Structures are given as structure tokens and as C-alpha cells.
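J.: this one's structure only:
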């Protein structure tokens, strides 16, 4: 018999709306009907679906179904029962069982295969290809039997608690793996298949379980394509196949099996029976519905009191309404005036439209004048264009004649230019030859005079003069040697002075550089000192003088909701040292990050940039780091450095804000940086040995940075931002400032002294340079005197002969130049004649062109006049065309305005007709009507101040009436609902009692039949009032032995009786498959054999169902049958990843199959 699944037929089930209205909807859509006869064949093919499936099912929204002629007549439910009815029912069940046993195998819902990967302690298990009827999984403990059953429950959507193996899915993932997979294939054949057009003959359910306990589904068709990945689709499949993995009758786990077999408590057995048949769920649903009904009754009682209050309010509003009739006359008068006002507006609009029509007529009469003007000027434009065209053609003809002569003129001009250039070149060459001849004649005269002078001088020379010249030469040479020695001495002294000046300049440059650096350091120290003194009252000043104003501006912007999240910074204000000696080390590590700000998003960053531009100096803006704000600090334990003696930067700091900590982790990886105070110890840890795990670098107390193969010294000697002893820092800075000032004064004195030395040396150097220059002048004079004395005698004879040779050459050159002059003169004459001819030809052509141009001048003037007249005519035409367009546009505008007024008039007439259908001839003006209406309104308002607004009173009356009628209707509907709920619940409860009695009777009959197979007798007593179930068994023969309670039976007999009870439940509860884990663990061999035969016999009679039995026993004694399939599990070894198993084909004569 098919149980009633809660997810299909739950009445106001848990997790849904608990209101009375919802329950009413449920009961209006759930009705009772009988299955028609033509559905009986399908019912038998799908198996026994139970009495409830034949009596109760979901119905569409509406009333009870009306039976037709082809359906069985409605049967009445009975509370009582008699022996005859029990016997008939039992006979009916036996016949049904015999009919169902003829079915070969189940078509839908049975498990075709299951495969496990990284599930529990198994790397790979399966695939198990189950038979359609009986399947045994045998093996020792730890071989994986229970893992298969657990995977079946979990793979079909069951919770971890149902398996009794854990509280979370993550426990099913094998150690060392990141996920587990369970793949289950369900049969999907026949006319009861689930969406066969999509899934085909089988449905494969793949479940992926992660190490975090999350799971996902993939539902595949028989071809392997993914159809869905939603849990709702899996739930629909399980509902369609009636698979309930949390029902112990469908799947009995090892823990539940032990508890069930060993339990002696009658209450536990009754609960087991109720849960297996899902009567417990039905009972809880009925109980919840009755509680809902009681709560609804309480709401009705409260609603009655509220209804009475609404009725009183309605009567009060009604009486108030009756007291305001005095304003009706004034309101009627005001209404009449509003009618007149509406038609008065229509009257005035009609008058305005008449004026507009008259204006349009006047303007249209003027249109003809503009048209005539446009025609007149169009004619003038045509005449001007014709004249312009004639003059243009004449000018073009003259221009063509000029263009015809232009090439000849250009050619003649080029010829003239070429001949003139040749003549000029010849004339220049002739002039150069004449100049050359004059120069040669002058040279000839000078050579002759020089030769005569030399000859006369040689004749006058004597011996005493020669000796005197020799003595003077010797004297001059001695003076020259003395001057050379003085020059070398002066040069050496100059070099010494130059080297000294250069060295002193280098010293001055070095000292000035030191002075500049020292000034910068002194200024920096001075600013730091001022900031430190100011930071006594405001710590932010330590980070810069503009930081307090910047932070105040950020706070104001945050209060004005300009930031999504307030920026955090400077970062240094949120960190504190645990050890003050590490301040310089931490600052050297973080550097400018101490001044940085953190923003949650780029919009906040842009706003912060704008604020910084107002307060920060150019080029000195703090860094902005954009990162999503988090309330928790990153978990960096897996990548952080851990050292027993030295802290990391992260552990050495107390950080006030998680965002700041995460920012430093992201930007500087402070969890990987060690702080080691001693330099030698830092070198030993980082360089002599391998650095600690996850350690990238280290910093010393002096701020030095240490890597595995590098070492960088710090330029800073003290902490600036993170020091906690402000007074000590101020004292130290004051000493540093004084020291820097003293050093600066000393450097300035040294520079002044060196500059004085340089000035003195430059003065001496200038004197020596002047002395050296004087010596060089004297040396040159003496050398010239010596040369002159030596050349007086020796060169006279040589010079005379040379001059005579030059004189002869000069005569030859003069003769050659004279001959060239005569030839050049002849050529010049020839070129002059050619030039005159070319110039005459060019003048003739130019004269012709000039005559043509003189003829073109009047034509050009006429063309200009025609062009002017044409342009004037076009301008006038354009002027009148524009005036015509403007005139027509104004007419169109008037027409559009008239159309708008006509439309407005139609709307006014429509509105006036709505206000008063008949037209009223109004004599009064709109202003007088408006004044009268305002007077009436003021009077009405004055009256309303005493009586209240009439419309408001009517609205309140209407609202009170609607509330009262609505509440009255709701109370009536709730009362009708309670009455209907009582009727439905009485009928449902009768059905429930009848259903429970039927299940009880069936369970008793099946239990007695199963006990008879071992010649036992007994009975099951149900105490529904006290919720107890007692089982009594007679193990003797005949009536010799009395019925004994199960407590007095042996363990094997009690287990056998309990198995009979389980098989009885199998007979009355429906599921496509049954699973038992270690059901025979407490039986002896005889009872185990009998129980096994009983199960196989039931399985043979229910071939449409699948049975999966897990046992540690050897099943080699089972009979040979094609419907029985045995899977033998091998004992797993250490490190085994795949369990191989085989069927017992060699022992039982069945087909062998090896599964990886």
C-alpha cells in the first residue's frame, strides 16, 4: 500500500503560511474521489498503491467531482469493522498479490547502478549494476557495504543526519581530497516514466559534495546530456517514483536496523509503524489544522468586538452627515455661478476667434502685393543675367587672344634674358682681362725698381759693418736665453696658482653642497620639532601640518553623506607599537604607507582626491588605497612567518582597525616581515642560514633592511611618526637642530676663508700672466732683430736673380692677356647684335598684347557693371522673397493659433457641457463672476469652520461604511470557513481512521501469514489510544504453548519475529526499492535461513520491486536464479584506491560479471 507523502498531500504543512485563509484554500483544492475502473490496469502495473491511493488524491480547484457512468459508485467509509470484512479484504489482497507477481520487473524508480568517488574512505567504489529484483552486497566490515547505502541516501537528496554517519555532508569527503561524487542511475521506462521525451529510459543523478559541506546536482538523460541541475527537479523525480530515502521501510540503515531489531519497547514499535506508513505525518497535519481552526475562532471573537466598534463609528458619521444640510443652498448657488463661468469662457473664446479670422483675412489680402514684387524682381534678375552673360563672352574672347600671344611673349622674353646674360658674361670677362693687364704692368714697373735698388745696395756694403752685425746677433741671443728662463719660471708659478685655485674651488663647491644639505636637514628638523611640539595637542600634526584640516574636511563630508564609507587614514594613526624600540624598523618597513588613506570604492577615492587638492602641497599628496572594507582581519596563518624569538610586523603592532590591517597585509605583506633588533643577529638569521619559512625580508632596530643575499642600511636615525615618547623626541630634535646650526656656521666660515684665498691667488695669477705676456713680446722683438741682421748679406744675391726671373714671366703674361682682350672684344660685339634683335622682337609682341588689353578694359568695366546690377537684383529678389515667406509664415501662425483656439474652444464647450449640458447666455463678465464665486467660497468656508467640510464628512462616512461592511463580510466568511473546516475535518478524520484500520488489519494478516511459514503463530495488537504496538508469538505446536511476549523469546526468535514485522510493513507500504543493512546480524543460522527464504519469496511475488540487502554473511547457499544478483566486496588494503568485487557466478551458477 502506498503511503501518503507529506510533500504531495500535506494539509497546511510545516514551513507554509499558517493563516486560516491558506487552510481554506488547501481544503477547497483537496477533495476525495474514487479511482475510475479504467485506471485499475495502470494501478496494478505500478504495484499496490494502497487503499488511500484508491480513496484520496489531489484534485483541481473546485468542488467534489461528479461521478460519471464509467466510474465505480462512491463507497461509504466505516469506522467499525467485522470479521467478514477482514476476511474479504484479506482475500482481495491475496488475489492482488498473485496478480502482481506475474509482473516481470519494475519499470520506473529502481536503481540500475551506483558509483562512488572519494566517498568516505573509498577512492573509487563501483559501479554497482544492480538487478531489477534481488541484490545482495556481502562483505566484511570496512569493505564498503554501508558506504554504498549511505551514498544512496545522500545521492538521492537525504540529509546527513538520516545516515547516522555524521551531522554534515563534509564528513563524507575522503581525507586528503577536496570533493566527493556519487552517481546513481534510476530506471525510467513504461507509461509511468518521468518526462521520457527528455530523460529517455534512465535518469542519472550525479551529486558533487565539496569539503565545505556544499552539494550540487546534475540530472542527466540516458544519452548523457545534462537536463537540469536544480534540487526541485530531483524532488519532483523522487515524488513521481515515490522514493523516500528517510523512510525506514524503504531504506533501513545499519544503526536503525540494530535499534529496530533490539528494541523491546512497544511505543518504539508503534512509532516505527506510524513513521513507516506516514500516518504520523498525517496525524501531525490534522493536529496543526485543528490548532489553526482554534486560532481562527479566537480571531472571529476578537473580530466581533472590533465589528461593533466599527458599527458605532459608522452611525456617528451618519448622524454628522445629516447635520450639514444648511450649506446646500450656497453650494447650489456657487454651482450655478460655475456653470455661468464655464459658458462665459466659451463666449469670450468665440469672440477672440472671430478677431483672429478677421486678421487672417486682412493678411491674406496683402499677399498679392508681395507676389507681384517677387515676379518683378525675378524679371530684372533675368535681364541682368543675360547682359552679364554677353559681357562675359566678349571678355573671354579677348582673353583667348591674349593667351594665344602669351607663349610667344614668354619664349622671346626667355631668349632676351639668355642673350643678355651671355653679353654680360662676355663684358665681365673683358673687364677682368683689362684689370689683369693693368696689374701685370704695375708689377713689371715695381720689379724693375726693386732690382735697381738691390744692385746699388750691394755695391755700398763693407767688412766693418758685417762684424758689427755679428756682434749684435750674439748679444741678442744671450738676452733671448735670459728671457726664455724667466718665461719658464713664470709658467711654472702660473700652473701652481691655477692648481691651488682649482682645488680651493672644488673644496668650496663641496662645502656649499654640504651647506645646502645641512640647511635642508636643519629645516626639516626644525619643522619636525614644531610638528612634535604641536602634536602634544593634536597627534595628526606629526604626519604633516595639513593633516588635521584634511581629516576635519573628511569628517564634514562624511557627516553630509558624501562618502559611502568614511575614508580611513592616515594609517599611522591607527597602529601602535608593542615594543617602542622597533619604531624605526616599522617605519622603514612601511615607508609612505604610514601617511596613506584607505577608501572602499573609487567614487569615495575621487572625492578624497578633491579634498586633498585643497589642503595638500603639490607633489606631496598621500597615497590612496582602494579596497573593499571588511570587518574581519584576513586569516594569514597559512602564509605568515612564525619565529620563536622575533616577531613579525603584524604581531609587533596593535592595529585599531581591521581595514588598516588588511591594507598593510595587501600592500606590504607585513605578515612575512621579521623584526630583529640586532644587526649581527639579523644577518645570522637571514643570510648565514636559510631564512625562516614564509619570511621574505627583515628589518633591524636601526632601520636596516636585510634580505637573504642583500643588506641595505637605513638613512634615518630616529623614528618620526610612531615614537611614543614625544618629550624625548623633542629634546633629541632640539639637540640635533643646535648641532646642525653649529656645523652650518663652521662650514660658512670655511667657505669665506677659501673664497679670500682664491681672490688673492687670482690677483697674483693676473700679474704673472701680464709678466709672461711682456716677456713673450720682448722675445718676438729680439727674434725679429736677429733675423733681420742675418738676412742683410746672405739674401741680396739670391733676391736679385729671383726678381729678374719674375720680371721675365710677367712680360709673357702681359702678351697673353693682350691677345685674349682682342678676341673678347670681337665676341662682345657679336653678342650685342643678337641681343638687340631679340629685344626688338619682344617689344613687338608686348605692343600687340597691350593693344588687346586696351580693348578689354571697356569690356571689363561693362562686365563689372553687369555683375553689380545682377547682384543688386538678386538681393532685392531675396529681400522680397524673404518678406513673402515671413508674411506667409505669419498667416500660417495665425491659422495655427486659430486652430488651437478652435480646439481649446471644443474642449471648453465639452467641459462646459459636462458642467451644464445646455448653453447659457451670460451677460456678466468673467471678472464679475469670479468675484462673486470667491465671495461665496469665503462664506462657505466660514460656515465649514463651524460644521466641517462636507466632502470630508461624506468621505469619512463612506470610509466608515466600507470598513464596517468589509469587516462584517470577513467575519461572515470566517464563520463559513470554520463551519466548512469542521465538515471537511470530520470527513478527513473518518478517512484517516479507516485508513489506519485498513493498514493495521493488513499488517496483522501479513504478519500472521509470515509466522505460519515456520509453524509459529502470533498476533499484533495496536493500541492507538496509548500509541503502543505489542507483538506476541507462539513458538510451540498446537495449543500446547501459550502466546508469549517477545521479551521471553530467544535472540534469534525475536529477530525472526521482527523480520516478519518488517516484511509486513513492506507489504503495506510502497516504494520502488527496499534496502536493508545487516538485517540478520542477531539471527542464528536456522532463523537466518527462514528469514532469507521469506524475503526471497516476497521478492519473487513482487518482481516489480527491487530489493538491496547488505549482510556480512556468506550468501553462497542461495538458490540459483536470474533474479538474484550477489556483489561480493573484498577487504580493503592500506592505500587501496579502488575496490574490486564480483558476483558469485562461480558459486551459484549465475552469470559472472567483473566490475572495476
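T.: Structure received. These numbers were taken from a predicted model, which means no experiment stands behind them. Residues are numbered from 1 along each chain as shown.

J.: Which elements pack onto the particular helix or strand that has residue 396 in it?
T.: Element membership of residue 396, judged by DSSP states H and E, is helix 328-460. Applying 3 or more C-beta pairs under 8 Å, 6 or more residues apart in numbering; DSSP states H and E, one finds that helix 328-460 contacts helix 796-915, helix 926-947. Quick note: C-beta positions are derived from backbone N, CA and C, even for glycine.

J.: Pull out the buried residues from stretch 605-615.
T.: Under the neighbour-count criterion of 16 or more other C-beta atoms under 10 Å, stretch 605-615 has 605, 607, 608, 611, 612, 615 buried.

J.: quick one: contacts for residue 154?
T.: Neighbouring residues of residue 154 by C-beta atoms under 8 Å, 6 or more residues apart in numbering: 160, 163, 169, 172, 182, 207, 209.

J.: ok, and for the helix or strand where the last one lies, which residues are buried?
T.: Here residue 209, judged by DSSP H and E, is contained in strand 202-210. By neighbour count, and taking 16+ other C-beta under 10 Å as the criterion, the buried residues in strand 202-210 are 202, 203, 204, 205, 206, 207, 208, 209.

J.: Which pLDDT value belongs to the first one?
T.: Spelled out, it's residue 202. Looking at residue 202, its pLDDT is 93.

J.: Which residue, other than its chain neighbours, is closest to it?
T.: In space, residue 202 comes closest to residue 222 once its chain neighbours are excluded; the distance is 4.4 Å by C-beta to C-beta, 6 or more residues apart in numbering.

J.: tell me the secondary structure for the one you found?
T.: coil (DSSP: H, G, I helix; E, B strand; the rest coil).

J.: Show me where the stretch 251-400 of the chain dips below the pLDDT cut-off.
T.: Confidence mapping of the stretch 251-400 of the chain against pLDDT under 70 gives the ranges 257-264, 320-329.

J.: Which strands and helices lie in contact with the strand or helix carrying residue 1055?
T.: Here residue 1055 sits within helix 1051-1068, counting by DSSP H and E. Under the contact criterion of 3+ C-beta pairs under 8 Å, 6+ apart, helix 1051-1068 touches helix 254-262, helix 266-277, helix 950-1012, strand 1017-1023, strand 1028-1034, helix 1085-1101.

J.: Out of the ones you listed, the one nearest residue 503 is which?
T.: Nearest of the helices and strands packed on helix 1051-1068 to residue 503, taken as C-beta to C-beta: helix 254-262 at 100.2 Å.

J.: Please, where are all the strands along the stretch 51-200 of the chain?
T.: 108-119, 122-129, 134-138, 179-188 (DSSP state E, counting those that start in this stretch).

J.: Give me the neighbour count for residue 839.
T.: Look at residue 839: counted by other C-beta atoms under 10 Å, it has 15 neighbours.

J.: That one is in contact with residue 415, isn't it?
T.: No - using C-beta atoms under 8 Å, residue 839 is not in contact with residue 415, being 9.5 Å away.

J.: follow-up on the earlier one: is it possible to get CSV of the helices and strands packed on helix 1051-1068 that adds mean neighbour count?
T.: Compiled in CSV, the helices and strands packed on helix 1051-1068 are given as follows (neighbours: other C-beta atoms under 10 Å):
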stretch, mean neighbour count
helix 254-262, 17
helix 266-277, 20
helix 950-1012, 16
strand 1017-1023, 17
strand 1028-1034, 19
helix 1085-1101, 18
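
J.: Mind putting the ones you listed into JSON lines with distance to residue 715?
T.: JSON lines is the format used below for those (distance: least, C-beta to C-beta, whole Å):
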{"stretch": "helix 254-262", "distance to residue 715": "72"}
{"stretch": "helix 266-277", "distance to residue 715": "80"}
{"stretch": "helix 950-1012", "distance to residue 715": "83"}
{"stretch": "strand 1017-1023", "distance to residue 715": "93"}
{"stretch": "strand 1028-1034", "distance to residue 715": "90"}
{"stretch": "helix 1085-1101", "distance to residue 715": "89"}
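
J.: looking at these, which has the lowest confidence?
T.: helix 254-262 (a mean of 68).

J.: partner strands of the strand holding residue 209, parallel or antiparallel?
T.: Paired neighbours of strand 202-210 in the sheet (DSSP bridges): strand 179-188 (antiparallel), strand 215-220 (antiparallel).

J.: Nearest to residue 334 among those would be which one?
T.: That would be strand 215-220 among those, by C-beta to C-beta, at 73.7 Å.

J.: For the closest one, buried residues please.
T.: Neighbour-count burial for strand 215-220 [16+ other C-beta under 10 Å]: 215, 217, 219, 220.

J.: contacts for the helix or strand just after that strand?
T.: Note on strand 215-220: by DSSP H and E, the next helix or strand toward the C-terminus is strand 226-228. The contact list for strand 226-228 (C-beta under 8 Å, 6+ apart) reads 195, 198, 199, 217, 218, 219, 220, 221, 233.

J.: again, only this time at 6 Å
T.: 198, 218, 219, 220, 221 (C-beta atoms under 6 Å, 6 or more residues apart in numbering).

J.: re earlier: what's the closest of the helices and strands packed on helix 1051-1068 to residue 309?
T.: Closest among the helices and strands packed on helix 1051-1068, once you apply C-beta to C-beta, is helix 950-1012, at 9.4 Å.

J.: what angle sits between the closest one and strand 1017-1023?
T.: 160 degrees (axes from the mean of the first three to the mean of the last three C-alpha atoms, to 10 degrees).

J.: what about the helices and strands packed on helix 1051-1068, which gets the closest to residue 497?
T.: So among the helices and strands packed on helix 1051-1068, helix 254-262 is nearest, using C-beta to C-beta, at 110.8 Å.

J.: where along the stretch 51-200 of the chain do the helices fall?
T.: 83-100, 145-155, 196-199 (DSSP state H, counting those that start in this stretch).

J.: Lowest average confidence across these, which one?
T.: helix 83-100 (a mean of 48).

J.: just the angle between the helix or strand hosting residue 287 and helix 950-1012, please?
T.: Using DSSP H and E, residue 287 sits within helix 279-322. Here helix 279-322 runs at an angle of 170 degrees relative to helix 950-1012 (the same axes, to 10 degrees).

J.: does residue 849 really touch residue 406, like I thought?
T.: No - in this structure, residue 849 is not within contact of residue 406 by C-beta atoms under 6 Å, at 7.7 Å.

J.: Which of those two has more residues huddled nearby?
T.: residue 849 (15 against 12).

J.: Please name the residues that touch the more buried one.
T.: Residue 849 neighbours (C-beta under 6 Å, 6+ apart): 402, 405.

J.: circling back to that earlier point, after the helix holding residue 1055, which helix or strand is next? Please name it.
T.: With secondary structure assigned by DSSP H and E, helix 1051-1068 is succeeded by strand 1073-1077.

J.: Just give the number of residues close to residue 835.
T.: 19.

J.: how near is it to residue 846?
T.: Residue 835 sits 16 Å away from residue 846, going by C-beta to C-beta, to the nearest Å.

J.: and what of residue 1085?
T.: Taking C-beta to C-beta, one finds residue 1085 at 147 Å from residue 846.

J.: And for residue 500?
T.: Residue 500 is 83 Å from residue 846, by C-beta to C-beta.

J.: And residue 514, by the same measure?
T.: In terms of C-beta to C-beta, residue 514 sits 85 Å off from residue 846.

J.: Please name the residues that touch residue 198.
T.: Contacts of residue 198 (C-beta under 6 Å, 6+ apart): residue 227.

J.: if you set the cut-off to 8 Å instead, what comes out?
T.: 221, 227.

J.: gap between the two ends of stretch 627-647?
T.: 27 Å (C-alpha to C-alpha, to the nearest Å).

J.: So what touches it?
T.: By C-beta under 8 Å, 6+ apart, stretch 627-647 touches 565, 578-579, 598-601, 648, 650, 655, 658-659, 661-663, 665-666, 671-676, 685, 692-695, 698.
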